[in-house]
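Enquirer: Next one to model:
(chains A, B, C and D)
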Protein chains: 2
Amino acid sequence: MPRAKDRTLLKPTPELASVFFALGDRTRLQLIAVLCAGGAFSIAQLTANTAMTRQAVTKHLQVLAEAGLVHHVKVGRERLWQFEPVQMEAARQSLEIIGRQWEQALGRLKFAMESDGD
Amino acid sequence: MPRAKDRTLLKPTPELASVFFALGDRTRLQLIAVLCAGGAFSIAQLTANTAMTRQAVTKHLQVLAEAGLVHHVKVGRERLWQFEPVQMEAARQSLEIIGRQWEQALGRLKFAMESDGD
DNA sequence: TTGAAGTGCAATAAAACGGTTGCGTAACTG
DNA sequence: CAGTTACGCAACCGTTTTATTGCACTTCAA
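Expert: The predicted model follows:
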């Protein structure tokens, strides 16, 4: 019987890296900050807040979309973009796992030091 | 009296983006995975696991170091690298905040729908 | 002291990124 | 229908990343 539950070790997947990559840009982080506040915004609306072109914003949204962080719905001639929390939560959990691994490693180190007696 | 505690909104800082940028690469994610398991490894050791040059690994470690995710200590002629959890925990928290904002936005939407009656 | 191990720094070079401009197309509006 | 709004696609360009190679330097060990 496979024990999938035991698999708490970090296994870096290509997708995970792409999520972090998408978040690793100030402009895209700003877009996420706007979208996670709840609305569904058109590209024109999202561009209005920035100092760049509509096409630049479009490209950033595509990067976010490929990472699964946002998605869009077509309404008339507009394309409304929304936040999509699933992948970001996965990324958050992966950071949590790394943090836990580190804590466990520290625990082992401390135990070894106590056993050895300095 | 300032109410710093109320400031739960996401404020994207340059550093935050640089942390995500550092994590947004498969090789660096792999390095983090190795380092967070607890040891202090030399560049030669870390290179042994990969298919690239020592210098390439060095550059990746520098990117991680600039983001505050790792640090090193010189021991003899070796440079031993270690995981540094502070910045990563900050990044994790920022993702948590975004997730919470999204949940709150969903809550408001639901409330508005109930009030409006469809 | 000579040699090998572990590393840093600089000069590349190819690829990817971030942004722009130009043009074409669907959809709303008078 | 004509004009405008909202947008996609493709070409392009400067900058940054990513990885390599070559050489110099420090440290350990025989």
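
Enquirer: residues near residue A:78, how many?
Expert: 15 (other C-beta atoms under 10 Å in any protein chain shown). (Each C-beta comes from the backbone N, C-alpha and C, glycine too.)

Enquirer: Could you list everything it pairs with in the sheet?
Expert: Beta-bridge pairing of residue A:78 under DSSP bridges involves residue A:75.

Enquirer: so it touches residue A:42, yeah?
Expert: Yes - counting by C-beta atoms under 8 Å, residue A:42 is a contact partner of residue A:78 at 4.5 Å.

Enquirer: what is the mean pLDDT for the longest helix seen in chain A?
Expert: Using DSSP state H, we find that the single longest helix of chain A is helix A:85-116. Across helix A:85-116, the average pLDDT comes to 87.

Enquirer: Equivalent analysis for stretch A:31-47, please.
Expert: Across stretch A:31-47, the per-residue pLDDT values average to 96.

Enquirer: hmm, who's touching that stretch?
Expert: A:23, A:49, A:53-54, A:57-58, A:60-61, A:64, A:69-70, A:73, A:78-83, A:85, A:88, B:9-10, B:12, B:98-99, B:101-102, B:104-106, B:108-109 (C-beta atoms under 8 Å, 6 or more residues apart in numbering or on different chains).

Enquirer: which bits of chain A sit near DNA strand D?
Expert: Residues of chain A that fall close to DNA strand D, judged by C-beta under 7 Å from any atom of the strand: A:42, A:43, A:44, A:45, A:54, A:55, A:58, A:77, A:78, A:79, A:80.
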